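In: I would like to see how this sequence folds:
(2 chains)
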Amino acid sequence: MATVTRARPRTPTPRTAPPDRRRPTIARARRRLGILYASPMALLVVVLFVVPLALMVWMSVNHWPLLGASSPNGVENYSALRDPLFLRAIVFTLKYTAVTTVVLGLVAFGLALLVQETRPGVGAYRTALFLPSVVGLASTSLLFYGLFNTEASPLNELVDFLGLGPVDWLGSTDNALASTVGMITWRFAGFYMLILMTGLQSIDPVLYEAARADGANRWQILWRVTLPLLRPTLALTMVLSLTGSLLAFDQFFILTGGRHETATVVISIYREAFLSQDLGRAAAVSVAILAVLIVVNGAQLRLLRRGR
Amino acid sequence: MSRARTAGFHVTGTALAVLFLLPMLWTLYSSVHSRRAADGGPGWGLDNYERLADYGSGVGAYLANTLVVAVVAVAVTVVATTLGGYALARLRFPGHNLLFIVTLAILMVPYTTILVPLYILLGWIGLQNSLVGLGLVLAMFQLPFGLFMMRSSFEALPRELEEAALIDGCTPGSALWRVLLRGVLPGVVTVGLFSFLAAWNEFVAPLIFLTDGAKFTLPVALFNLQSGSLGSVDFEALQAGVVTSALPCVVVFLLLQRHYVRGFTSGALKG
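Out: Numbers count the residues shown, from 1 in each chain, chains lettered A, B, ... in the order given. Alright, predicted model coming up:
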């Protein structure tokens, strides 16, 4: 189109003129429509995401009580990061994250290997294993609170039957940690199983056949073919599991209320904000966690992309 | 050999399925059969549900609150991401890349960390302690997944479909309503389903944003039932509450299972 106009600059024929005038108006109409259609989303993103992010940084350098006026106080709020209680929460959260990621990852991978093949009856197993994942985490925690604390629950009857005596499932740091990891595995294994299964199914079966033809046994196939090709999916489940565990709140808030030194980082933000009623310090801790998680996720996503 | 392996598969599968279903089945069972389930005595009955119904403002009120939050969240998510997904897939406009990147950045920000400033912000715009405000916040957290899903749904539609509609006299706007929407309906259902499950089950956000007990959503009300009466928790009513809260999710999931799995296989969760 451009060459046509350049070739005949002074004699624009009526034939080419109408499209030239109409194109920009259609493009402009589409642009306007695009802005119109994108605006509800843009409004939500700006008002409920961008502004709060900026506000969080601003709050972190202000004395900001839950009730009453706020005033700038420099980096004083960031002393919350040196609070021994907060440091203990970091250690506990890291421990919980490490244990959960390993246990959950292994269980989910095992389940995914079991249900990846299409065969009669597999659909029912997939549904059964996934079903806990649609129950809310809060409801799950209340369910297990009952399971742990009711004498007649199948869990306690089993322990009784095995002669292991009554177990205080949530009575100490270690017990609460183990019980919670067990519950989280029950709740999330099916979810991660489904993601890993999607990854497994996208591996070309020809590769397995080739490996078998070369005389590889099942372990060699798992280590040399399946796992390397699954790396992007594994990295994704790692990101999800790490982020989820580092931000754990519902499960410990409901099961132990943070007692027995099981307060997580997010529980300590909550306490800072709504028990100590100091939103400035809560915001300072939030800013720090945000920075750390962006670095962690960024590194993991890079790993994910390199695997592709 | 092969038959033995098939048998082994079914034995393992069944054992695991039972293990995973057992906690839910136990809750269901103990909510209708316990020491206080039948006319205040042991046996089968709905007493646990009756005590739950009378708890606080009544379980009906909490269910209604949760439903309001879920409906607002689903409606806002679906409308915003359908329009936004169409705009980003088909209509070039200034800033479309920026909008896409900033929306996806919501995923990068751990959402519990921005709840404190959101609490203040909702106060400024008069939506603190409001079910609508809570629904809007929960919709915002669903935008990255929803936008990704809807954008790829629109991109998957053949361009000829839209061109044909334009030739037949549709404007880009009416083409969306009359022709394209039908094509992306599976995507809409998937986004709506994810949004519903997330909003219905949310715990921290309502715990922080809702200060008036009459406005509590079901998970927060149940938490109060558990923690409010230290030492004498009504475990049976609590189990009835867990069933009440979980049942709609299980039913909705079983009905729309195909769409849930679609959310995984579409690659939207694959990063």
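
In: ok, the closest residue to chain B within the stretch 151-300 of chain A to B:Leu134 distance?
Out: Residue nearest to chain B within the stretch 151-300 of chain A: A:Ser286 (3.8 Å; CB to the nearest CB). Every C-beta, even on glycine, is put in place using the N, C-alpha and C of the backbone. Using CB to CB, to the nearest Å, we find A:Ser286 at a distance of 19 Å from B:Leu134.

In: what does B:Gly58 give?
Out: 20 Å.

In: more neighbours, those two?
Out: B:Leu134 (28 against 14; other CB atoms under 10 Å in any protein chain shown).

In: you'd agree that one is up against B:Phe209?
Out: Yes: the pair B:Leu134 / B:Phe209 is scored as a contact, 5.1 Å apart, by CB atoms under 8 Å.

In: pLDDT averaged over stretch B:8-21 - what is it?
Out: Stretch B:8-21 carries an average pLDDT of 92.

In: Only the buried residues of that stretch, if you could.
Out: Neighbour counts using 16 or more other CB atoms under 10 Å in any protein chain shown place B:Phe9, B:Gly13, B:Leu16, B:Ala17, B:Phe20, B:Leu21 of stretch B:8-21 among the buried residues.

In: in what helix or strand does the last one lie?
Out: By that I understand B:Leu21. Here B:Leu21, judged by DSSP states H and E, is contained in helix B:2-32.

In: is that helix up against chain A anywhere?
Out: Yes: against chain A, helix B:2-32 shows contacts by CB under 8 Å from any CB of the partner chain at B:6, B:9-10, B:12-14, B:16-17, B:20-24, B:26-27, B:30.

In: For A:Val107, see how far away B:Val252 is.
Out: Counting by CB to CB - B:Val252 and A:Val107 are separated by 26 Å.

In: Tell me the helix or strand right after the helix or strand of chain A with the lowest mean pLDDT.
Out: One helix or strand of chain A scores below all others by mean pLDDT, DSSP states H and E: helix A:2-7, with a mean of 43. Per DSSP H and E, helix A:2-7 leads on to helix A:17-45 as the next helix or strand towards the C-terminus.

In: pLDDT value on residue 230, please?
Out: Here I'm looking at chain A. The predicted local confidence for A:Leu230 is 89.

In: switch to chain B, that's the one I care about
Out: Per-residue pLDDT puts B:Leu230 at 59.

In: Quick one: list the elements packing against the helix or strand B:Met140 falls within.
Out: B:Met140 belongs to helix B:131-156 when assigned by DSSP H and E. For helix B:131-156, the packing partners by 3 or more CB pairs under 8 Å, 6 or more residues apart in numbering or on different chains; DSSP states H and E come out as helix A:17-45, helix B:59-90, helix B:96-108, helix B:115-124, helix B:185-201, helix B:204-209.

In: Same list (those) but as JSON lines, adding distance to B:Met149 and mean pLDDT.
Out: Formatted as JSON lines, these follow (distance: least, CB to CB, whole Å; pLDDT from 0 to 100):
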{"stretch": "helix A:17-45", "distance to B:Met149": "13", "mean pLDDT": "79"}
{"stretch": "helix B:59-90", "distance to B:Met149": "7", "mean pLDDT": "94"}
{"stretch": "helix B:96-108", "distance to B:Met149": "12", "mean pLDDT": "88"}
{"stretch": "helix B:115-124", "distance to B:Met149": "24", "mean pLDDT": "92"}
{"stretch": "helix B:185-201", "distance to B:Met149": "5", "mean pLDDT": "92"}
{"stretch": "helix B:204-209", "distance to B:Met149": "22", "mean pLDDT": "93"}
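
In: And the host helix or strand of A:Leu200, what does it pack against?
Out: Using DSSP H and E, A:Leu200 maps to helix A:173-201. When contacts are defined as 3+ CB pairs under 8 Å, 6+ apart, helix A:173-201 packs onto helix A:84-115, helix A:122-130, helix A:137-149, helix A:231-246, helix A:250-255, helix B:2-32, helix B:235-265.
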